[in-house]
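> All I have is the shape, not the residue letters:
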């Protein structure tokens with residue numbers, strides 16, 4: 001989790017090049033992602049992390065932050081529903097997970113301890129997404 005050493009820096013600093021301001025007709029989601037790139041990593045909340053991971057923005061930097069939260073509270077309700085950050089995180093590209101195999105393994109272990117009834121209460125398809133993540137080779141989680 002050495003990427004956590006950069007909590008005072010922004011994604012624009014860590015993941016160059018710095019993004020230009022969004023166009024005036026950009027969607028609210030695109031404007032939000034641009035804003036989040038200028039927030040120090042240590043100030044990003046669960047909903048911010050879910051947004052960045054879902055939009056595949058600077059994933060190697062935000063994934064460790066999300067996993068740190070999920071190790072403590074796997075079904076954290078970041079914004080939409082219980083477990084939304086977890087589902088966004090397990091759906092991060094395998095290429096990002098290949099850079100962080102230890103974190104993938106730790107998250108996989110947490111997922112395997114979730115009670116079946118809890119997993120069944122997640123949105124449709126979530127159980128399959130979690131199972132797919134756990135079944136990946138550790139180097140691709």
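In hand now; what should we look at? All values derive from a computational prediction rather than experimental measurement.

> Report the helix or strand with the lowest average pLDDT across this structure.
Least confident element among the helices and strands of the chain, by mean pLDDT, DSSP states H and E: helix 94-98 (a mean of 92).

> Tell me the buried residues in the helix or strand just after that one?
Under the assignment DSSP states H and E, the closest C-terminal helix or strand after helix 94-98 is helix 101-112. Buried residues in helix 101-112, defined by neighbour count with 16 or more other Cβ atoms under 10 Å: 103, 104, 106, 107, 108, 110, 111. Where C-beta positions appear, they are placed from N, C-alpha and C, glycine not excepted.

> contacts for the helix or strand just after helix 101-112?
Next helix or strand after helix 101-112 toward the C-terminus (DSSP H and E): helix 116-120. With contacts defined as Cβ atoms under 8 Å, 6 or more residues apart in numbering, helix 116-120 is touched by 75, 126, 127, 130.

> try stretch 31-51
By Cβ under 8 Å, 6+ apart, stretch 31-51 touches 4, 6-12, 14-15, 18-19, 21-22, 26, 29, 52, 55, 57-58, 61-62, 65-66, 69, 76-79, 84-85, 88.

> Any of those buried? List them.
For these, buried by 16+ other Cβ under 10 Å: 6, 10-12, 15, 52, 57-58, 61-62, 65-66, 69, 76, 78, 84-85, 88.

> Format the buried residues of helix 101-112 as CSV; extra columns: pLDDT and distance to residue 117.
Output for these, formatted as CSV (pLDDT from 0 to 100; distance: Cβ to Cβ, whole Å):
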residue, pLDDT, distance to residue 117
103, 93, 26
104, 94, 25
106, 95, 23
107, 97, 20
108, 96, 20
110, 97, 17
111, 97, 15
